[in-house]
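Chemist: I would like to see how this sequence folds:
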Amino acid sequence: MPLYDHQCADCGHIFESLAKMDDTSPLECPECGGKARRIISVSGTNCANEDAEWIRSVTEVVPKGEDATPIDREFVRNPTRTNYRRWMRARGLRHLEPGEKPSRPKRMSNEEISRKLWERRQKRNRIYIGG
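Modeler: As a prediction, the model looks like this:
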């Protein structure tokens, strides 16, 4: 059911309510109990999908699980522009300036690559014996 605005004829109070599209019967005002009628209102621009793609791409790389910080969890729970800015600041990230090119990752030697791969393999194949 759509959300409609209603205005009380007695006190002028404006409120929202869910109603069927074909239901035009007056409602009772929650403030004074008078009769309220549906009014024409202009809803805000629906921009729910405007940021959907960038939010999806950012939330894919935000740490989850044990590695997640409270800021990470808050951004994944509520991905707004404000929480995105907070997350960027907390991570020490910033947007590229116009004309600025992304920096290249540091080149690693073969020994460093081998060591990192060995550490990942050990971590993946670790066996825990607990009591």
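Chemist: Check the offset of the longest helix seen in the chain from the chain's centre.
Modeler: Assignment by DSSP state H gives helix 110-124 as the longest helix of the chain. Centroid separation for helix 110-124 versus its chain: 35 Å, with C-alpha atoms, centre = their mean, to the nearest Å.
Chemist: mean confidence score for it?
Modeler: Averaged across helix 110-124, the pLDDT comes to 92.
Chemist: Not counting its own residues, what contacts stretch 20-30?
Modeler: For stretch 20-30, the surrounding residues in contact (C-beta atoms under 8 Å, 6 or more residues apart in numbering) are 1-2, 6, 8, 10-11, 13, 15, 17, 19, 34-38. (C-beta placed from N, C-alpha, C; glycine too.)
Chemist: For the helix or strand bottoming out on mean pLDDT in the chain, name the packing helices and strands.
Modeler: Least confident helix or strand of the chain, by mean pLDDT, DSSP states H and E, is helix 52-61 with a mean of 76. Applying 3 or more C-beta pairs under 8 Å, 6 or more residues apart in numbering; DSSP states H and E, we find helix 52-61 packed against helix 70-77, helix 81-91.
Chemist: I'd like to know which of those is closest to Lys123.
Modeler: helix 70-77 (20.8 Å; C-beta to C-beta).
Chemist: contacts for that closest one?
Modeler: In contact with helix 70-77 (C-beta under 8 Å, 6+ apart) are residues Val58, Thr59, Val62, Pro63, Lys64, Ala68, Asn83, Tyr84, Arg86, Trp87, Ala90.
Chemist: Contacts only, for the spatially most central residue of the chain.
Modeler: By C-alpha atoms, centre = their mean, the chain has its centre lying nearest to Pro79, at 1.8 Å. Contacts for Pro79 (C-beta under 8 Å, 6+ apart) come out as Ile55, Val58, Thr59.
Chemist: Let me see the confidence value for it.
Modeler: 82.
Chemist: roughly how far apart are it and Asp22?
Modeler: Distance from Pro79 to Asp22, counting by C-beta to C-beta, to the nearest Å: 37 Å.
Chemist: Quick check: can you list the domain ranges of the chain?
Modeler: Following the assignment in automatic domain parsing, the chain carries domains at 3-39, 48-92.
Chemist: Thank you kindly, that will do.
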